[in-house]
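In: Got a predicted structure plus its sequence, pasted below:
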Amino acid sequence: MAYLTLSNISKQFADAYAVQDFNLDVEKGEFVSFLGPSGCGKTTTLRMVAGFEAPTKGKITLNNSDITNQAPNQRNVGMVFQAYALFPNMTVAQNIGFGLRVRRERESAIKERIREMLAIINLENRGDSYPYQLSGGQQQRVALARALAIRPQVLLLDEPLSALDAKIRVSLRAEIRSIQQRLGITTIYVTHDQEEALSLSDRIVVMNTGVIEQVGTPFQIYNFPETAFVASFVGTLNTGTAEVVDPAQGLLDLDGVQLVSAADLSDKQKGDQVRIAIRPERFSFVSEEKKANIIDCKIENITFLGSIVRIQVIIGRTKFYMDTFNNPFLELPRIGDQTQITCSREAVLVLGIPAMIQTLLDPQKAS
Amino acid sequence: MNVLTRLRRFPFWSWIWFALGALYFILPLLATLEFSVSWDPADPLKAYTRVFAEQDFWETFLYSNLLAVATILVNVILIVPTAYWIRLRVPEARRIVEFITLLPFVVPAIILVFGLIGVYSSPFQVPFTELTLMDPLTTTKFGTNVLIVAGYMVLAMPYMYRSVDTGMRTVDVRTLTEAAQSLGASWFTIITRVILPNVRAALLSGALLTFAIVVGEVTLASFLGVNAFGPYLFLLGQHRAYEPAALSFFSFILTWIAMGLIQLFTGGQGQAAGTR
């Protein structure tokens, strides 16, 4: 049995469901992110694990015990909030030691644990400072230390980096991941930032309108989105509607342009309409290499984005983006040029076909 | 920077309004002080020495202070958890509670005291029986004290509730509560170790206002027949000239001392509360 299990969890507010039929197993030591837009139910789900919201339906078990109706202060779950939530009247050390003092641990043990935690978050000399004397990043590190000090069974982080500026966000997320791995603590992380979720997580749960869209590793979520929502929410994705020409061969027609996909189209008929998706970085110029799909297109626009160059092309009547790495010797076509670009069969995703991942990962089927 | 630029940057109108405001408050005070020391040019503090020599002054003053402390204590015990619970769990009830807290401004103290006397001056009996649940409160000193503290609680409620509610608005009560809960704290620990210390300044402001109201209150004390400072001040004002002025000035000084103490005890809290 998994360490943390959420079974058929639903949460209803008035007549609307914030979360519906949520099922998830989290293994001990795993880092799972809930990713989705505002109002998708990710924070509500996290709050149900913390005990701040009671599920309307379903069951939550942690380490083989049912915690569904347990009070938040009985769960031994550490929580880090977006707004830091440090106690303003207490020093950093008092904040970190608060949970241990509530548990009436020995004062010497508390002091030792505070020292340990301050060392982990690299704030050894700030124990006597008050929260208002720290920067946002430092305050959030203290909040993390405070949550970890009680040796929680699960660590819950509710958009902990949202209030910080971009540079600190990146460094602190690396620090969070490193501490989590060092302590081997089971962690659930709520975010609407795909980059955060992709860089931190062992697994990502993509949510939309209260339901799970897809659960998978960052690699699976990014490369093999199962639904149109995941495809559009995670990363930049070109989508279009194509007609099935030959299901057995994976042959599709996009506005008169023939494309071949590695997706399993066995349940499709000739003439069916399907939504296809191609990541911009999966395209390259034919002049550089040739793959299964060679596509005629017209250059519509070229945008310089630093490390990459984003080129807008028109394939048939559909506008697609193509990304290529920037280098000082890059020879780019000019706007209005007719050119040929290429992509592999695997790059042409057909949305709504979960089996595609297996197909793609199975070399015999993929060939 | 030339003189003209400096003059242009000087907040002229702000200072004018500040000076006018200061005059409005300070002039009557100065006039009271000047009058209180004009009784005997040979002994400018005569009014003060007379007042402080009166045993009635000390008795009524100490009694009113005790009533004020009791009112503040009961108000804190009742209002802090109420305001906290409303912010945390029933924010939609805030408008109703705010309306209720405004009632003491609308219903005069005279109505309140007649209501209290009407209800509590006769024994509480089980209807249609001779069984007495409670003796009349107005017949005993303790009962009268309970009644007057209850009345003062109502009168001071708007000030105390609003102070505490404003204090709670400056800290994120909900998130702090959840943070404390996740760390294993009970409700008692949360209120005493997290919420109360963070609304300390607001609480002291409310307490000071309550103190000022109770110590100077006349209507409730007169009609309930208690020997409080308010009626004493009132009587003194009717029969003497200089002593009431001295007492008024003394009250101002007391208030300022209390405000100074609040500043002293809550010095760092403004910064501490403004962490986010």
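Out: Nice, thanks for sending it over.

In: For the rest of this, base every contact and every neighbour count on C-alpha atoms.
Out: Noted.

In: Mind listing what's buried along the one helix or strand residue A:95 maps to?
Out: Using DSSP states H and E, residue A:95 sits within helix A:92-102. For helix A:92-102, the neighbour count (16 or more other C-alpha atoms under 10 Å in any protein chain shown) marks A:92-101 as buried.

In: and the residue in chain B that chain A sits nearest to, what does it touch?
Out: Of all residues in chain B, residue B:184 sits closest to chain A, at 3.9 Å by C-alpha to the nearest C-alpha. Contacts for residue B:184 (C-alpha atoms under 8 Å, 6 or more residues apart in numbering or on different chains) come out as A:72-76, A:99, A:102-103.

In: Pull the contacting residues for residue A:236.
Out: Per C-alpha under 8 Å, 6+ apart, neighbours of residue A:236: A:279-280.

In: just to revisit the earlier point, list only buried entries from the contacts of residue B:184.
Out: A:72-76, A:99.

In: The helix or strand that contains residue B:74 close to chain A?
Out: Assigned by DSSP H and E, residue B:74 belongs to helix B:55-88. No: shown here: helix B:55-88 not in contact with chain A (C-alpha under 8 Å from any C-alpha of the partner chain), separated by at least 11.7 Å.

In: Give me the buried positions along that helix.
Out: For helix B:55-88, by 16+ other C-alpha under 10 Å, it's B:57, B:60-61, B:63-72, B:75-76, B:79-80, B:82-84, B:86-87.

In: for the residue nearest to residue A:212 when sequence neighbours are not counted, what are its contacts?
Out: The shortest distance from residue A:212 to any non-neighbouring residue, by C-alpha to C-alpha, 6 or more residues apart in numbering or on different chains, is to residue A:206 (6.0 Å). Contacts of residue A:206 were listed using C-alpha under 8 Å, 6+ apart, and they are A:34-36, A:212-215, A:230.

In: residue boundaries of the helices in the stretch 101-250 of chain A?
Out: A:107-120, A:136-149, A:166-183, A:194-200, A:218-223, A:228-233 (DSSP state H, counting those that start in this stretch).

In: For chain B, which of those is the nearest?
Out: Among the helices of the stretch 101-250 of chain A, if distance is taken as C-alpha to the nearest C-alpha, the winner is helix A:136-149, at 7.1 Å.

In: so what does that closest one touch, helix or strand wise?
Out: strand A:77-80, helix A:92-102, helix A:107-120, helix A:166-183 (3 or more C-alpha pairs under 8 Å, 6 or more residues apart in numbering or on different chains; DSSP states H and E).

In: burial count for residue 178?
Out: By default, I'm working from chain A. Around residue A:178 there are 13 other residues, counting by other C-alpha atoms under 10 Å in any protein chain shown.

In: look at chain B instead
Out: Neighbours of residue B:178 using other C-alpha under 10 Å come to 22.

In: next one: residue B:51
Out: Neighbour tally, residue B:51, other C-alpha under 10 Å: 18.

In: Read off the pLDDT value for the spatially closest residue to it that is not a sequence neighbour.
Out: Spatial nearest neighbour of residue B:51, chain neighbours left out: residue B:243 (6.1 Å); criterion: C-alpha to C-alpha, 6+ apart. Note on residue B:243: pLDDT of 89.

In: Repeat that for residue A:365.
Out: Taking residue A:365 on its own, its pLDDT is 41.

In: who's in contact with residue B:77?
Out: Residue B:77 touches nothing, counting by C-alpha under 8 Å, 6+ apart.
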